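Student: Coordinates for the following, if possible.
(one chain, ligands or ions: 1)
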Amino acid sequence: MSDLGSHDRVRAIQWAEDRLQLLDQRRLPGEEIYLSLTDVGAVADAIRDMVVRGAPAIGITAAFGAVLAARHRYMEDRQAWRETLQTDLALLGGARPTAVNLGWALARVGECLKTVRGDPEPVLLALAREIHQQDITANRRMGELGAALIEPGSGVLTHCNTGSLATGGYGTALGVIRSAWAAGRLSAVFADETRPWLQGARLTAWELVQDAIPVSLLVDGAAAHLMKSGQVQWLVVGSDRIAANGDVANKIGTYAAAVAAHHHGVKVMVVAPCSTVDMNTPTGADIPIEIRPESEVLELAGQSVAARGAKAWNPAFDITPAQLVDAIVTERGVVERPDPAGMKALMS
Ligand code: MRU
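Tutor: Numbers count the residues shown, from 1 in each chain. This is a model prediction of the structure:
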């Protein structure tokens, strides 16, 4: 396994001999339990049911899921495996719609398969490991680039979980916060609790506490009030898909936080690897937004919290227009005030 370095002790996705092990993020912070998966259907379920979540982590998981699928299909029929494998790749690709990293990773699997002669498992396993390692390397680079934008003495607010749990390791927005903290640039770290799945309260806070980085949680509705108080200078978030014009899809509530940031002169930094940039999607309006079950809003930890008879609307993501973004930080560099030309220059 790669160098874990300081401020990064979690690996949510692990390959152990012949199987995929996923830290069940639904049970954090109370229990640290790894699920052992050998079947592609179980991997697709794990992505859809939030065992593993976060755009880069979903892509890495899908790449390992393809290894399991290829093993099964090759053992089943050494002539027809390429055709039958397509059904499994489509199953993985359909697990969640918004994070483009999923399709990006499966496209790399598809390209790799063109070169395979004989047993596909070792070749796809090497690819999945490479995708995993490249994500960690990208996160380290983004950490440096993003931290350099933050003036010493700044407070930051983040939303959702973008750390080691959401990526191959280290994190995107949380990687920038880790790097900025290590460089002594931060006066305070705030995290939205992030309803309804509480990724901020359960996961981001868990990671930061383990790293001994002080964090204050707030309910999502308190973000504008925090910004008005002057305690934060940057809103630092990740993304599930960045369109060709610089519009950003991210966890529901990011748009509201970015509007409030704009109003209060707080800068907005979006941190994401190039695998999150989708130049085939022209604008945010073209990004599919996942609508999740009503029960996630009406219930909390399996207990009903809403008036009986109420319905719920549960979009998992929203779109922050490029005009509200001060900087997009990728491993290839920073795009300030993103627009179509800036995104094109980054990706070409
Ligand atoms: O529904 P989730 O938990 O998968 O949503 C995750 C996010 O929105 C993250 O901000 C995004 O995937 C970037 S993770 C580095």
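
Student: Skipping adjacent residues, who's closest to residue 190 in space?
Tutor: residue 157 (4.5 Å; Cβ to Cβ, 6 or more residues apart in numbering). No exception for glycine: its C-beta is placed from N, CA and C like everyone else's.

Student: roughly how far apart are that neighbour and residue 267?
Tutor: For residue 157, the distance to residue 267 equals 11 Å [Cβ to Cβ, to the nearest Å].

Student: so what does the top strand by length along the chain touch, helix or strand wise?
Tutor: When the chain is scanned for its longest strand (criterion: DSSP state E), the result is strand 186-192. If you count contacts as 3 or more Cβ pairs under 8 Å, 6 or more residues apart in numbering; DSSP states H and E, strand 186-192 packs onto strand 154-158, helix 173-182, helix 205-210, strand 216-218.

Student: let's go with 7 Å and repeat that
Tutor: strand 154-158, strand 216-218 (3 or more Cβ pairs under 7 Å, 6 or more residues apart in numbering; DSSP states H and E).

Student: re the thing from before, please verify my assumption that the residue nearest to residue 190 contacts residue 223.
Tutor: Yes. Counting by Cβ atoms under 7 Å, residue 157 does reach residue 223; the two are 6.4 Å apart.

Student: who has more neighbours, these two?
Tutor: residue 157 (28 against 24; other Cβ atoms under 10 Å).

Student: which stretches of the stretch 51-200 of the chain form helices?
Tutor: 55-76, 81-93, 100-113, 121-147, 173-182 (DSSP state H, counting those that start in this stretch).

Student: Run through the residues of this protein sitting next to the ligand.
Tutor: Residues of the chain lying close to the ligand by Cβ under 6 Å from any ligand atom are 53-56, 99, 160, 162, 166-167, 172, 199, 238-240, 250-251, 316.

Student: Tell me which of those residues fall in strands.
Tutor: Per DSSP E, the residues of the chain next to the ligand map to strands at 250-251.

Student: Against residue 283, how distant is the nearest residue to residue 113 once chain neighbours are set aside?
Tutor: Spatial nearest neighbour of residue 113, excluding adjacent residues (Cβ to Cβ, 6+ apart): residue 120 at 6.5 Å. Residue 120 is 37 Å from residue 283, where distance means Cβ to Cβ.

Student: The two: which is more packed in?
Tutor: residue 120 (24 against 15).

Student: List the residues that contact that one.
Tutor: The contact partners of residue 120, by Cβ atoms under 7 Å, 6 or more residues apart in numbering, come to 70, 74, 113.

Student: now swap in residue 297 and tell me
Tutor: By Cβ under 7 Å, 6+ apart, the contact list for residue 297 reads 196, 312, 314.

Student: Now the helix or strand harbouring it: average pLDDT?
Tutor: Residue 297 is part of helix 295-298, with elements assigned from DSSP states H and E. The predicted model assigns helix 295-298 a mean pLDDT of 98.

Student: go on, stretch 322-341?
Tutor: Average pLDDT, stretch 322-341: 98.

Student: Identify all contacting residues around it.
Tutor: Contacts to stretch 322-341, defined as Cβ under 7 Å, 6+ apart, come from residues 138, 141-142, 145-146, 149, 176, 242, 244-248, 258-259, 262, 267-274, 277, 342-343, 346.

Student: Thanks again, I'm all set now.
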